[in-house]
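predicted model and sequence follow; I will ask about them next.
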Amino acid sequence: MSHNIMVQGSMSGVGKSLVAAGLCRVLFEDGHSVAPFKSQNMALNSYITPDGLEMGRAQVLQAFAAGTEPDVAMNPILLKPTSDVGSQVIVNGEIVGNMSASEYFEYKKKLIPGIMEAYGKLKASYEYIVLEGAGSPAEINLNTDDIVNMGMAKLVEAPVILVGDIDRGGVFAQLIGTLMLLKEDERARVKGLVINKFRGDRGILEPGIKMLEEKAGIPVLGVLPYTELNLEDEDSLTDRFKNRSEDADGDMIDIAVVRLPRISNFTDFAIFESIKEVNLRYIRSVRDFGQPDMVILPGSKNTMGDLKWLRESGLEKRIKEFAADNPVFGICGGYQMLGISVEDPEGVEEGGSIEGMGLLPVKTVLKNKKTRSRSAGSFKEVRGIFSGLNGLSCRGYEIHVGESENVGGEGGIISINESVDIKRDEGCQRGDVYGTYLHGIFDEGKIVRTVLSSLGKRRGIEIDPGDIPSFDEIREREFSRLSTVIRSCMNMDEIYRILG
């Protein structure tokens, strides 16, 4: 029989996901089998499991922290926003359809049996389960039929620790206010408080901690320092989007990622942030553009809508000017935007058709059927600045609606191994403009080193970052740092007592 604990927050972005991941790692290091669980996640960063099912990256990260393989049972419901008032609803890794907020509010009650089935699968296989809530349990307008915060805690009899963010200010009001808005039986479930993202002298904080414990009637289990970790984020609250300097050091490679309104899977570029020779920044306007060495168009949950935004913002024109003499790389939705056209005959996004940027000889037709697969292969017939990629192995996953046809009469830039005897071409290039559907294309150190060396050579500077670890290796290093913080700053003896 498994024991459980649930991490809830005073609001979104307080660090619930990382606290949960840290607890998973500590339990794993202590020799226990542990699994993460979040009944309902809303995020545009998703992941494809080995069996071709889709789940949120927060639980993927936590699964890796727990030393186990991601399983869609760890995140049975995933909501991927398609507009300000609607989302694509994914249940047990499969698309159910697009729903408005009101439609989903009525529908979600039907999902409880499936949630409990998923939880039961984990309960039968793991010693401990670390659950994560969403937003805040004090969102009283959403508490009817809640399936992700206190409603979930009640279903599985989970004790709760409540996390607040001191970096944004008002942490004492956050925590006490949240407790005050809970029902009496819900308050009784909260066994401890955590103050996250603290900067400064712990001694100065002590009087506030003492008063907080007196008013709450429960202990503060930890004060976690503000710690920058190169780990995947799941949503747009990430600090990654804060621009770095447009005037990077002259010896650094400057990479600009377009921050689309519905950007997805921006974890594709996380590896660059671990390399001191790289200035990776996210741009939202022509004013932010600067003089990058490479521009990346990332994935999007609404290719047509984001392409219109790109056009209206003036960034399309600027990128096309840049592409005349410099490299541009598109991934998934960004790849589709770089083509000649995007058609939507089935109304998957906005219906109709839209002219693409015309930088790649590709036509895309959006279809209701979503491609979900893990893929591996190698670069082939790559020309231009990144010709050094030829022959290098690559791997990742594909997750997209629509099919793209290369109408330029040329092959792809990646040979995907469908089976022992069957290969298929993937991606496209024209000049120094490249596109692929393969998420995780930059996760391999050799690929990143080749890209950076090529960009440095073009600018006439020597870039030798040495052997770059894969993102899997970087992730493991960061988990060790996270574990150290959790062990040193949280009362793990009390956490184990709460776990039973």
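Yep, it's here.

quick one: Gly388 and Ala270, what's the gap?
Between Gly388 and Ala270 the distance is 22 Å, computed by Cβ to Cβ, to the nearest Å. Quick note: C-beta positions are derived from backbone N, CA and C, even for glycine.

out of these two, which sits in the busier spot?
Using other Cβ atoms under 10 Å as the criterion, Gly388 and Ala270 rank with Ala270 on top: 20 against 17.

hang on, isn't the more buried one packed against Leu229?
No - here Ala270 lies out of contact with Leu229, judged by Cβ atoms under 8 Å, at a distance of 10.4 Å.

Arg458 should be in a helix, yeah?
Yes - per DSSP: H, G, I helix; E, B strand; the rest coil, Arg458 lies within a helix segment.

so it touches Asp325, yeah?
No - the pair formed by Arg458 and Asp325 falls short of the contact definition of Cβ under 8 Å, at 9.7 Å.

the more surrounded of those two?
Arg458 (16 against 9).

what pLDDT does the more buried one get?
Predicted confidence (pLDDT) at Arg458: the value is 91.

before we move on, what about Val171?
Predicted confidence (pLDDT) at Val171: the value is 95.

now do the contacts for it.
The neighbourhood of Val171, defined by Cβ atoms under 8 Å, 6 or more residues apart in numbering, consists of 10, 164-165, 195.

wait, which of these is closest to Ile413?
When the contacts of Val171 are ranked by distance to Ile413 (Cβ to Cβ), Asp165 comes first, at 42.7 Å.

looks like that closest one contacts Leu18 (just checking).
No - in terms of Cβ under 8 Å, Asp165 does not count as a neighbour of Leu18; the distance is 11.4 Å.

neighbour count for these two, which is higher?
More neighbours sit around Leu18 than around the other of Asp165 and Leu18, counting by other Cβ under 10 Å; the figures are 25 against 22.

can you give me phi and psi for that one?
The phi/psi pair for Leu18 (degrees, to the nearest 10) reads phi -70, psi -40.

show me where the stretch 201-350 of the chain has its helices.
Remark: helices of the stretch 201-350 of the chain, listed N- to C-terminal, are 202-216, 303-313, 315-323, 333-337; assignment by DSSP state H, counting those that start in this stretch.

contacts for the longest one?
So the one you mean is helix 202-216. Contacts made with helix 202-216 from outside it, assessed by Cβ under 8 Å, 6+ apart, are listed as 172, 175-176, 179, 193, 195, 198, 219-220, 223.

now swap in stretch 24-39 and tell me
20-21, 56, 58-59, 62-63, 65-68, 71, 73-77, 115, 118-119, 122, 125-134, 147-148, 152, 479, 482-483, 486-487, 492.

just the ones of the residues you listed in helices?
The helices in this structure, assigned by DSSP state H, contain 20-21, 58-59, 62-63, 65, 115, 118-119, 122, 152, 479, 482-483, 486-487, 492 from those.

buried among those residues? Make that a PyMOL selection.
Provided next is the PyMOL selection string for whichever of the ones in helices among the contacts of stretch 24-39 are buried by 16 or more other Cβ atoms under 10 Å:
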select buried, resi 20+21+58+59+62+63+65+115+118+119+122+152+479+482+483+486+492
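
could you tell me the end-to-end distance of stretch 38-52?
Distance between the two ends of stretch 38-52: 19 Å, counting by Cα to Cα, to the nearest Å.

for it, buried residues please.
Residues of stretch 38-52 classed as buried by neighbour count (16+ other Cβ under 10 Å): 38-49, 52.

now these in JSON lines, with secondary structure, distance to Arg281 and pLDDT?
As requested, the buried residues of stretch 38-52 are exported to JSON lines (DSSP: H, G, I helix; E, B strand; the rest coil; distance: Cβ to Cβ, whole Å; pLDDT from 0 to 100):
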{"residue": "Lys38", "secondary structure": "coil", "distance to Arg281": "30", "pLDDT": "97"}
{"residue": "Ser39", "secondary structure": "coil", "distance to Arg281": "35", "pLDDT": "97"}
{"residue": "Gln40", "secondary structure": "strand", "distance to Arg281": "32", "pLDDT": "95"}
{"residue": "Asn41", "secondary structure": "strand", "distance to Arg281": "27", "pLDDT": "94"}
{"residue": "Met42", "secondary structure": "strand", "distance to Arg281": "26", "pLDDT": "91"}
{"residue": "Ala43", "secondary structure": "coil", "distance to Arg281": "22", "pLDDT": "87"}
{"residue": "Leu44", "secondary structure": "coil", "distance to Arg281": "19", "pLDDT": "84"}
{"residue": "Asn45", "secondary structure": "coil", "distance to Arg281": "19", "pLDDT": "84"}
{"residue": "Ser46", "secondary structure": "strand", "distance to Arg281": "24", "pLDDT": "88"}
{"residue": "Tyr47", "secondary structure": "strand", "distance to Arg281": "25", "pLDDT": "90"}
{"residue": "Ile48", "secondary structure": "strand", "distance to Arg281": "28", "pLDDT": "91"}
{"residue": "Thr49", "secondary structure": "coil", "distance to Arg281": "31", "pLDDT": "92"}
{"residue": "Gly52", "secondary structure": "coil", "distance to Arg281": "34", "pLDDT": "89"}
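
Throw these into JSON lines and include distance to Arg383, thanks.
Output for those, formatted as JSON lines (distance: Cβ to Cβ, whole Å):
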{"residue": "Lys38", "distance to Arg383": "44"}
{"residue": "Ser39", "distance to Arg383": "48"}
{"residue": "Gln40", "distance to Arg383": "46"}
{"residue": "Asn41", "distance to Arg383": "41"}
{"residue": "Met42", "distance to Arg383": "41"}
{"residue": "Ala43", "distance to Arg383": "36"}
{"residue": "Leu44", "distance to Arg383": "32"}
{"residue": "Asn45", "distance to Arg383": "31"}
{"residue": "Ser46", "distance to Arg383": "32"}
{"residue": "Tyr47", "distance to Arg383": "32"}
{"residue": "Ile48", "distance to Arg383": "29"}
{"residue": "Thr49", "distance to Arg383": "35"}
{"residue": "Gly52", "distance to Arg383": "32"}
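
quick revisit: list just the nearest of the contacts of Val171 to Arg395.
Asp165 (35.6 Å).
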